Structures are given as structure tokens and as C-alpha cells.
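J.: What follows is a protein structure lacking sequence information:
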Ligand code: SF4
Ligand code: SF4
């Protein structure tokens, strides 16, 4: 099974490549077609994924609040999100008269496109990656911060005080939490010695970093989860939306499809952040290996690598969802206190520990 | 000292956050705790609570007699004009005239189920019933007359 799945992923890609190269003479054309295929398959993967995440979120929320959640449309309410999406598609996409129309319409695109761009270096399974670039981690952390421009754009162009407040809060939040995310990513980069995603995954062949790296890596994993929850504007860090104070924050004025795009981006971001966390700290698609226990490692290899990847990713997604339905929202000052007084100093000291550990070779 | 406070704060806050996650995690893994009543499906076994108030009714006994004297205390007590009492003068056997109820009009669509009319009534003539499913297509159907046709005041109620 494992063999079948892993081989099929890469062989499909190679097969398509050879076939295209055979039919088309122009090499440029082949490249462009391949990119288009990758983009379309990404979209085909993302939309059902977002449906599923939306459904999962509502069910998880309901169960944690001792409710049942959606249970009318489809078996166990599983088609509820589809119905909601159809509703959003049919709704009128209103553009306020006083808004800056160009920026207003551009903002949701930027938010969605950035969250999709970050998908590129993620390894979904063994040899299954859209773009294995040599600066994968750097790429992820830099591209994902473009999203804040989209949010600021949305808030500014809406010509609405709530939107503007939400956008400004979001700006302050993302700029500060970016630091902690970066530092916790750096600790893994130090240990691996490479920014390339596939190298990072391969370095965990004899055990995931969270086990190999002792307490410092555990701390940076916790900091990563907290800070990236803040970076994707999810509760308890959803000050940018804060429906009780700001109606809906930066997307107050959005409706219909443009609103749906913000929702889509939110769920893609959730997935991306969890996938990055899973890749860096939990070994990505790498099965659960313990040092040199060849027999045990071999048994673990029978579980397909894509299952390992999605299992780990969804475990992190679940934790982030549980945060949302457990913790109350932070005030703005508490938010900044948490980052500047706690997370940042701790992660700085932590990076020092990790560096010492890497130099001395104390990790396994 | 400062450092000690710093780490104590971290320790305590992590502890309290984990406690919260334990609670939600417990609920997530124990679906039997779910409180939701799946209403239209469980009509037969629906569990009602005493605190539920569905509408104002006027109980009548087997002789079609009620306890309402037409004093209009409920009409005055009602904060949003839900009750209209129309009274009439009734001839007593001894030749005297006495105020009595003609029609007790109750507008369900205006009622907030606040229970103030029931507490205001000096002769316990009305109470809250536990009915629900009140929706109708025509608003006029929500205007109800609570005293049954041909009913009269119970003996001994002043
Ligand atoms: S329950 Fe309240 S609102 Fe309804 S009729 Fe009585 S006093 Fe009026
Ligand atoms: S219901 Fe009670 S308060 Fe209202 S008119 Fe009749 S006796 Fe008076």
C-alpha cells in the first residue's frame, strides 16, 4: 500500500511530464502547462479541504460546547457547508459607495492568493511537492506575511471605522507575532542546517524533531503553535474580527463571494500553518521512526506517507480549533504583552539553547 | 524576585489554560454530555421544564366556570398591552347590577411571557400553559378569547 501510494504520486508527475514533453515541442509551453495543472489540482484540493475544515470546525465547536452542531443538511449535517457556500455565491456582492473600489475588490484576492502561494513548498507525501525550493522555510515565512497587506487594504478601503480598527489591530498583531514564528522556525533550521523542506523532512528519518530536540524544540513547537494561531487571526487572537466590538472587523463591509474568499483564506491559512508545523516539528510525511529499530521503522513505513502527513496536520488543526473554543479573546494590550514580554524573550533564549545543542551535537 | 514572578506567571497561566482545554477536551470526548434536544424528532419524548412559559390560559372547571371577576388587574399589569378585558354589567338575583367579564382578549403575538399578569391576578384566574408551536400563517389567529363561550364566574369567587 505504502509502496503503491508513494510510487504513484511521483510516477503520475513524471508520466505527465514525459507525455507533455513528447506532445509539445516547446519546453516553455510544457512548463506553463505543468504549472497550470499544478494550480488547478491545488484548487481542486483546496475547495473540498475548506469545506471539510468548515464542517470540522462547526462540529468540534458544537461538541466542545455540549451541542450537536449542524445535523440537518445531508448525513450528520455534512452538506451544511456546501449549502452555505451556494448561499454565499448567490448573494449580492455589495461594494460600498464611499469605498476605494479598486482596493476593496483587490483585497480578498490578495489574501487568498498569498495563502495559496504558501502551499507551494509543502510536501504532502513522499516525493509529492509542488515546488521544492532551496529556501522553503524563508519563503513560507515571508510570503505568508504579505497577507497582512490584504487585510490592511480591506480595512482601509472599506471606509468604515470598524474595518479600519480591525485592520490596524491585525497589522500590529501580525507584525509582532511574525517574530516569534520566525524564531521558532529558526530553531529547526539550525538543527537541520537547511531551509529546504525536503531536507528538513529527511533529517527526521530517525525520529521527529520534537522527540530528538529535547525541551528546547518542544518549547519552540508550543511557541510556534501559539504565535501562528495569532498570525492567522484565529481566536483567542481574533481581535481583527472581534465580532462583539467591531461587528466583523476588516471584512465588515464584504458580502457574497468576496466574503467567502476571506473565509476560504482563513481555512487555507489554518491548514498551511498546521502543515508547516507538522513538517518542521513532527516530521511531515515521515512515518514514526525510532532511531535504529529497523523492524519497527519498517512496519511504520507500511502506513502511506500521505496519511502520516494529513494525520499530523489535522492533529495540529484540532489543537488550534480547541484553542478557539476554549479560550476567551485577549485585549490588545494583553496581546502585545504576551508577545513582547513572554513569547519573544523566551524564544530568543530558546534559540540560544538550540544553537548550543546543535553545536555540541546533544540531539540524537 | 522579578524573574521568579515572571516564571510563576508563566507556570500559572499555562496551568489554567491547560485546565480549560481539559474541560473542552472532556466534553469533546464525551458526547453523552450533549444537552441538545432534537426537537421535531423527539416530539413524543420531549422533556419540558417548569420554567417554560408558553401562553396565558384561563382554566375552566367541568361546569364551564372560571375564576375571573373582570377586575382588570392583569390588563393594568401587562407591560405591553397584550390583554384587553371587556366587561359587562350583570343583573344579580337580588336585583343589583354587578361588573362581570364579557370577553378576555389575549394577543399572543404581543405577549412576552413575562408572567406579570398571572402574579397580578387576585383570584388566580389565569396561569401560564406549556404549549408551544404557536406559529400560524395569519396574524389574526393569534388573537384569542380566553373565557369559553357561555362560561360564568365560579361560585364564591369575588
Ligand atoms: S405574560 Fe406578560 S406580556 Fe403576556 S399577557 Fe401576561 S403580563 Fe402581558
Ligand atoms: S384574569 Fe384575574 S386579574 Fe385579570 S380580570 Fe380576571 S380576575 Fe382580574
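T.: Ah, there it is. Remember, predicted model here, so these are calculated numbers, not experimental data. Ligands and ions are numbered 1, 2, ... in the order given.

J.: domains of the chain?
T.: In the absence of a named chain, chain A is used. Following automatic domain parsing, one gets these domains for chain A: A:8-90, A:92-360.

J.: other chain: chain B
T.: Following automatic domain parsing, chain B resolves into domains at B:2-35, B:55-153.

J.: highest average neighbour count across these?
T.: Among the domains of chain B, domain B:55-153 has the highest mean neighbour count (mean count of other CB atoms under 10 Å in any protein chain shown), at a mean of 15. For every residue, glycine as well, the C-beta is placed using N, CA and C.

J.: what's next to stretch B:134-154, contact-wise?
T.: Stretch B:134-154 is contacted from outside by B:54-58, B:60-61, B:64-69, B:100-101, B:103-109, B:126, using CB atoms under 8 Å, 6 or more residues apart in numbering or on different chains.

J.: next one: it to chain centre, how far?
T.: 16 Å (CA atoms, centre = their mean, to the nearest Å).

J.: pLDDT on that stretch, on average?
T.: Mean pLDDT, computed over stretch B:134-154, is 86.

J.: confidence score at the most centrally placed residue in chain B?
T.: For chain B, the residue nearest the mean C-alpha position is residue B:53 (2.4 Å; CA atoms, centre = their mean). Listed pLDDT for residue B:53 reads 88.

J.: tell me the contacts of it?
T.: Counting by CB under 8 Å, 6+ apart, residue B:53 touches B:113, B:115, B:128, B:130.

J.: okay, those residues in a markdown table with secondary structure and distance to ligand 2 next?
T.: Below are the contacts of residue B:53 laid out as a markdown table (DSSP: H, G, I helix; E, B strand; the rest coil; distance: CB to the nearest ligand atom, whole Å):
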| residue | secondary structure | distance to ligand 2 |
| --- | --- | --- |
| B:113 | coil | 16 |
| B:115 | coil | 13 |
| B:128 | strand | 13 |
| B:130 | coil | 19 |
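
J.: Also near ligand 1: which of the residues you listed, exactly?
T.: Counting by CB under 6 Å from any ligand atom, B:113, B:115 from the contacts of residue B:53 sit close to ligand 1.

J.: what's the nearest residue to the residue in the stretch 1-150 of chain A that ligand 1 sits nearest to if we skip its chain neighbours?
T.: The stretch 1-150 of chain A approaches ligand 1 most closely through residue A:67 (29.1 Å), counting by CB to the nearest ligand atom. Spatial nearest neighbour of residue A:67, chain neighbours left out: residue B:36 (5.3 Å); criterion: CB to CB, 6 or more residues apart in numbering or on different chains.

J.: Next one, pLDDT for that neighbour please.
T.: pLDDT, residue B:36: 80.

J.: count of residues packed around it?
T.: Counted with other CB atoms under 10 Å in any protein chain shown, the neighbours of residue B:36 add up to 12.

J.: hang on, the earlier thing: so what does the residue nearest to the centre of chain B have for phi and psi?
T.: Backbone torsions of residue B:53, given as degrees, to the nearest 10, read phi -120, psi 120.

J.: Tell me how far it lies from ligand 1.
T.: Distance, residue B:53 to ligand 1, by CB to the nearest ligand atom, to the nearest Å: 7 Å.

J.: do residue B:68 as well
T.: According to CB to the nearest ligand atom, residue B:68 stands 14 Å off from ligand 1.

J.: Over to residue A:164?
T.: 43 Å.

J.: re earlier: now the two most distant members of the contacts of residue B:53.
T.: Pairwise distances across the contacts of residue B:53 peak at 12.8 Å for B:115 and B:130 (criterion: CB to CB).

J.: by contact count, what packs against the longest helix anywhere in chain B?
T.: The single longest helix within chain B, with elements called by DSSP state H, is helix B:2-29. Contact here means 3 or more CB pairs under 8 Å, 6 or more residues apart in numbering or on different chains; DSSP states H and E; on that basis helix B:2-29 packs against helix A:27-64, helix A:305-326.

J.: Spell out which strands sit alongside the next helix or strand after that helix in the sheet and which way each one runs.
T.: As assigned by DSSP states H and E, the chain's next helix or strand after helix B:2-29 is strand B:55-57. Paired neighbours of strand B:55-57 in the sheet (DSSP bridges): strand B:127-129 (antiparallel).

J.: and the strand it pairs with, average pLDDT?
T.: On average, strand B:127-129 scores 89.

J.: One more: stretch A:199-206?
T.: On average, the pLDDT along stretch A:199-206 is 79.

J.: Residue A:50 and residue A:265 touch, don't they?
T.: No - look at residue A:50 against residue A:265 with CB atoms under 8 Å: they stay out of range, at 9.3 Å.

J.: which residues does residue A:257 contact?
T.: A:88-89, A:91, A:93.

J.: measure it to ligand 1 for me?
T.: Taking CB to the nearest ligand atom, one finds residue A:257 at 44 Å from ligand 1.

J.: next one: residue B:47
T.: Note on residue B:47: its distance to ligand 1, by CB to the nearest ligand atom, is 23 Å.

J.: Share the number of residues neighbouring the closest residue to that residue other than its chain neighbours, please.
T.: Among residues not flanking residue B:47 along the chain, residue B:37 sits closest, at 6.8 Å (CB to CB, 6+ apart). Using other CB under 10 Å, residue B:37 has 12 neighbouring residues.

J.: Now residue B:37: phi and psi?
T.: Per degrees, to the nearest 10, the backbone of residue B:37 is at phi -100, psi 120.

J.: Nice, that's everything, thank you.
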